[in-house]
Each structure stands twice: as structure tokens, then as C-alpha cells.
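**Q** Below are the sequence and a predicted model; questions follow.
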Amino acid sequence: MTSATGEAARSTIRPAVRSTAADGRSVMTELLELQPPVRAMDTSTGSSSPVDIKPENTILCTCMECQDPIRDKFILKVVDNAYHATCLRCSECAEPLTTKCFIKDDAVYCKDDFYKKFGTKCSYCDDGIAPQSVIRKANEHVYHMQCFKCIICKREMATGEEFYLIPADGRLVCKADYESAKNKGELR
């Protein structure tokens with residue numbers, strides 16, 4: 001961006017998004033806008049005509065992902081690492097990350113994949129539970145809504161319905177299947 005007088009615009013820093021990773025580290029993503037090549041006067045020849053400074057003279061950093069110099073107008077910075085806008089992707093699903101991300105063991109994750117991998121696990125399917133997910137709880141066990149079901153008939157149980165919890169592993173049995181198994185002598 002150049003003003004009417006030909007001066008290069010100053011760099012602007014976009015607002016950063018700060019969050020806390022599961023390991024307690026603060027994770028920040030910020031979008032930086034770099035200056036276009038600066039125009040300068042050629043003092044070696046005494047000429048008053050402007051000379052473009054080459055883009056390679058404006059390299060600020062190296063991309064953490066591809067290890068190439070960043071010469072783009074925009075870079076993404078996560079903690080102390082810089083990335084090309086096209087290189088910052090979730091290490092699980094490869095979706096581009098543009099506003100926020102999570103880091104664990106030097107890997108970068110989107111919110112959903114971070115919680116699936118490192119968050120609370122469902123007692124039925126053992127998949128991670130994202131923070132915005134609606135859940136059901138039975139004692140210390142947590143379930144996705146669709147996983148709160150009987151292990152025998154596979155029917156999802158409704159709010160207020162009676163069930164039996166197998167404490168050792170968190171499996172659920174609806175009242176009808178429990179009573180049936182009990183009457184057949186299958187339960188001890």
C-alpha cells in the first residue's frame with residue numbers, strides 16, 4: 001500500500017487470538033501485514049530517481065513448516081514460530097488454520113482435533129469430546145449424546161430413564177435389558 005506521496009505504508013499488526021493449551025501454555029496466533037518493497041533514493045549515482053529494494057531484502061523470518069523464507073504480504077505467527085498463510089495447517093486434518101490453534105509437543109491442531117486427541121474421552125466410544133459438545137454423565141463417566149445407550153439393545157436412553165451402570169468400565173444397560181438378564185440368571 002503506497003500513499004499519494006509515494007511513501008510506503010507502515011506495517012500493521014492484526015489483533016492476536018490468545019488461548020491456553022491443555023498443557024497450560026499460552027498459545028497465540030497473530031496475523032502480520034508486511035510492508036511492500038521500500039522505495040529509496042540511489043545515492044551512489046547521485047540520481048534522484050527512486051530505486052526498488054528487492055523483496056529478498058525484506059525477509060523477516062523462515063516458515064516453521066516448509067523452512068522457506070517468508071516473503072508474503074501476510075504471515076501467521078504462533079507462539080514464536082512464523083508460517084506462510086498456506087503452511088499453517090492442523091497436523092491431524094490438514095485444514096488451514098487462520099484465527100486460532102492449539103499446540104502440543106510441537107504439533108499444531110485445530111480446536112476439534114486437539115480436544116479429540118487430548119480432551120476428555122467418551123466412556124462408550126473412547127473418542128475425544130469437543131468442548132461445545134452436548135454430553136451426558138453417569139457418575140465420573142462422560143458420554144457423547146449418541147453414545148449414551150444400552151450395550152445390549154443399542155437404544156439411546158432418554159433423560160430421566162432408569163439404567164444400570166457397570167462401574168468398572170462405564171458401560172450402560174437399560175432397565176428392561178437388565179431385568180431380563182437378571183431373570184434369566186445371566187447376572188450375578
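**A** Arrived safely, thanks for sending. Numbers count the residues shown, from 1 in each chain.
**Q** rest of the way, CA atoms for contacts and neighbours
**A** Fine.
**Q** Need the CA coordinates for stretch 141-157. PDB is fine.
**A** Extracted in PDB, the C-alpha atoms of stretch 141-157 (Å, rounded to 0.1, in the frame of the first residue of the first chain):
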ATOM      1  CA  HIS A 141     -18.200 -41.300  33.200                       C
ATOM      2  CA  VAL A 142     -18.900 -38.800  30.300                       C
ATOM      3  CA  TYR A 143     -20.600 -39.800  27.000                       C
ATOM      4  CA  HIS A 144     -21.500 -38.200  23.700                       C
ATOM      5  CA  MET A 145     -25.300 -37.900  23.500                       C
ATOM      6  CA  GLN A 146     -25.400 -40.600  20.800                       C
ATOM      7  CA  CYS A 147     -23.200 -42.900  22.900                       C
ATOM      8  CA  PHE A 148     -25.400 -42.800  26.000                       C
ATOM      9  CA  LYS A 149     -27.000 -46.100  25.000                       C
ATOM     10  CA  CYS A 150     -27.600 -49.600  26.200                       C
ATOM     11  CA  ILE A 151     -24.800 -52.100  25.400                       C
ATOM     12  CA  ILE A 152     -27.300 -54.900  24.800                       C
ATOM     13  CA  CYS A 153     -30.100 -53.300  22.700                       C
ATOM     14  CA  LYS A 154     -28.100 -50.300  21.400                       C
ATOM     15  CA  ARG A 155     -31.000 -48.000  22.100                       C
ATOM     16  CA  GLU A 156     -30.200 -44.400  23.100                       C
ATOM     17  CA  MET A 157     -31.500 -43.700  26.600                       C
END
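**Q** So for that stretch, what gets flagged as buried?
**A** By neighbour count with 16 or more other C-alpha atoms under 10 Å, stretch 141-157 contains the buried residues 141-145, 147-150, 157.
**Q** Just those: which are in strands?
**A** If you go by DSSP state E, the buried residues of stretch 141-157 have 141-144 in strands.
**Q** Spatially nearest residue to residue 81, not counting backbone neighbours?
**A** Closest residue to residue 81 apart from its sequence neighbours, by C-alpha to C-alpha, 6 or more residues apart in numbering: residue 64 at 6.1 Å.
**Q** now the buried residues of stretch 141-157 in JSON lines, with distance to residue 87 and pLDDT?
**A** Output for the buried residues of stretch 141-157, formatted as JSON lines (distance: C-alpha to C-alpha, whole Å; pLDDT from 0 to 100):
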{"residue": "141", "distance to residue 87": "38", "pLDDT": "91"}
{"residue": "142", "distance to residue 87": "36", "pLDDT": "92"}
{"residue": "143", "distance to residue 87": "35", "pLDDT": "93"}
{"residue": "144", "distance to residue 87": "33", "pLDDT": "92"}
{"residue": "145", "distance to residue 87": "35", "pLDDT": "93"}
{"residue": "147", "distance to residue 87": "36", "pLDDT": "94"}
{"residue": "148", "distance to residue 87": "39", "pLDDT": "94"}
{"residue": "149", "distance to residue 87": "41", "pLDDT": "94"}
{"residue": "150", "distance to residue 87": "44", "pLDDT": "94"}
{"residue": "157", "distance to residue 87": "44", "pLDDT": "91"}
